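*Asks:* predicted structure and sequence below. I'll ask about it afterward.
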Amino acid sequence: GGAGPEQVLFIDGGVYDVSSFVGKHPGGQMVLQRLFGRDATEGFNKVGHKDGARALMQTLRVEGKTPADYPVLAPLVEEAQQVKGVKRGLPPPL
């Protein structure tokens, strides 16, 4: 295998191979690259993607695979920092 995780995202329990799409993502490549091998459901829904995005997404779906078929990655650093902040009673970053 190559360096780093496969270029897949998990959304609502589905696996999506975004390798062919990363360079075309209207929100930029970095957003997707940070989430390779991770669950992107919350971010995907929060952004409020339109029907066009959802239709395109279905063409990238990897049939017969679930997130359980992929290695579990350590949490992103930002998320860990937010969790620590909450424990200390600090307001979460805006």
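*Replies:* Nice, thanks for sending it over.
*Asks:* report the separation between residue 46 and residue 59.
*Replies:* Note on residue 46: its distance to residue 59, by C-beta to C-beta, to the nearest Å, is 22 Å. Quick note: C-beta positions are derived from backbone N, CA and C, even for glycine.
*Asks:* just residue 17 next, same as before
*Replies:* 10 Å.
*Asks:* those two: which has the busier surroundings?
*Replies:* For residue 17 versus residue 59, neighbours defined as other C-beta atoms under 10 Å are more numerous around residue 17 (15 against 10).
*Asks:* show me the beta-bridge partners of that one.
*Replies:* Counting by DSSP bridges, residue 17 forms beta bridges with residue 8.
*Asks:* name the helix or strand for residue 58, please.
*Replies:* helix 51-59 (DSSP states H and E).
*Asks:* and for residue 46?
*Replies:* Per DSSP H and E: residue 46 is located in helix 41-47.
*Asks:* contacts for that helix, please.
*Replies:* For helix 41-47, the external contacting residues (C-beta atoms under 8 Å, 6 or more residues apart in numbering) are 9-12, 27, 31, 35.
*Asks:* in contact with the residue most central in space within the chain, which residues?
*Replies:* With distances taken as C-alpha atoms, centre = their mean, the chain has residue 40 as the residue nearest its mean C-alpha position (3.0 Å). Residue 40 makes contacts with 9-11, 32, as judged by C-beta under 8 Å, 6+ apart.
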